[in-house]
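Enquirer: Model the following, please.
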Amino acid sequence: MKQDRSLEFMQVAMKYLPEAKQKMDASGIEFSMEMMQPFMELFTKVMNEAYALGYEDGQKDK
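Expert: Okay, the predicted model is just below:
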């Protein structure tokens with residue numbers, strides 16, 4: 001299940017990647033696909049934690 005969520009999180013990240021790259025380029029920060037991997041790992045950690053918090057909140061509402 002966690003693997004499926006990670007894939008979904010990556011799909012969300014890729015959806016917004018062009019916008020993020022554009023903002024970084026406009027700020028003078030060069031961002032390449034090679035640089036993306038550490039950020040994607042961090043994004044996945046954040047999204048897993050956010051998912052867990054949302055799940056816990058959902059369980060409290062039952």
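Enquirer: And Leu42, how far from Met36?
Expert: Distance of Leu42 to Met36, given as Cβ to Cβ, to the nearest Å: 11 Å. C-beta coordinates here come from the backbone N, C-alpha and C atoms, glycine included.
Enquirer: quick one, which of those two is more surrounded?
Expert: Shown here are Leu42 and Met36; by other Cβ atoms under 10 Å, Met36 has more neighbours (16 against 10).
Enquirer: Give me the three-state assignment for the nearest residue to the more buried one once chain neighbours are set aside.
Expert: The shortest distance from Met36 to any non-neighbouring residue, by Cβ to Cβ, 6 or more residues apart in numbering, is to Leu17 (7.5 Å). Counting by DSSP: H, G, I helix; E, B strand; the rest coil, the backbone at Leu17 sits in helix.
Enquirer: Do you know the pLDDT at Leu17?
Expert: Note for Leu17: predicted pLDDT of 88.
Enquirer: Counting neighbours, what do you get for it?
Expert: 15.
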